[in-house]
Every structure is written in C-alpha cells, then in structure tokens.
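A.B. asks: what shape does this take:
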Amino acid sequence: MFDLIESSDSIDQDDPKAEKIDLKGEIKFESIEFAYPSKKDHKILKDFTCTFEIGKTTALVGPSGAGKSSIVQLI
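C.D. replies: Purely as a prediction, here's the structure:
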C-alpha cells in the first residue's frame, strides 16, 4: 500500500500537448437512498449525505456491504 501511495503519477500534467481541463464545482449527495433493482427492499444507502470537493481527497471507509462501491458507481 505504501508503495502505491509514494509512487509518482504516470500522467505528466506539465506536458504541453496534454489537454487542459479547468474543473470547477463539487459532487454533492444529499439524503440519498439507494437500492439495487433486484433487491428493492434492501437499501444500500439510507439518508447518505456527502460533499466531494474539487482538489480534495475523500476516503470512503466502512464494513463490507456498507455501500462504498455503490457510492463510487453512482458518481
């Protein structure tokens, strides 16, 4: 894990040929409820609220089945 954290990006942001994209804003979930169509009675997310700010790193932690992967898929 530490090798991954300490590794450098393979993307050269200073490459003059790289397309520059000016990102603004945030991704915000407010009181989200989510269930997969095959299990409509079993909600994966219940009243989930979170703001993913641009330029910030956000960690999603929790036990198996808590909805971490579902949140990433919804984004």
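A.B. asks: helices of the protein, start to end?
C.D. replies: 2-6, 68-74 (DSSP state H).
A.B. asks: lowest-confidence stretch among the ones you listed?
C.D. replies: Note on the helices of the chain: lowest mean pLDDT is at helix 2-6, with a mean of 79.
A.B. asks: just the C-alpha atoms of it, please, in PDB.
C.D. replies: The C-alpha trace of helix 2-6 is given here as PDB (Å, rounded to 0.1, in the frame of the first residue of the first chain):
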ATOM      1  CA  PHE A   2       2.800   2.400   0.900                       C
ATOM      2  CA  ASP A   3       4.500   1.800  -2.500                       C
ATOM      3  CA  LEU A   4       1.200   2.900  -4.200                       C
ATOM      4  CA  ILE A   5       0.900   6.000  -2.000                       C
ATOM      5  CA  GLU A   6       4.500   7.000  -2.500                       C
END
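A.B. asks: show me the contact partners of that helix.
C.D. replies: The contact list for helix 2-6, computed with Cβ atoms under 8 Å, 6 or more residues apart in numbering, is empty. For the C-beta atoms, the positions are set from N, CA and C on the backbone; glycine is no exception.
A.B. asks: which stretches of this structure form strands?
C.D. replies: All strands of the chain, identified by DSSP state E, fall at 26-34, 45-53.
A.B. asks: how about JSON lines for those, with mean pLDDT added?
C.D. replies: Shown next, in JSON lines, are the strands of the chain (pLDDT from 0 to 100):
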{"stretch": "strand 26-34", "mean pLDDT": "94"}
{"stretch": "strand 45-53", "mean pLDDT": "93"}
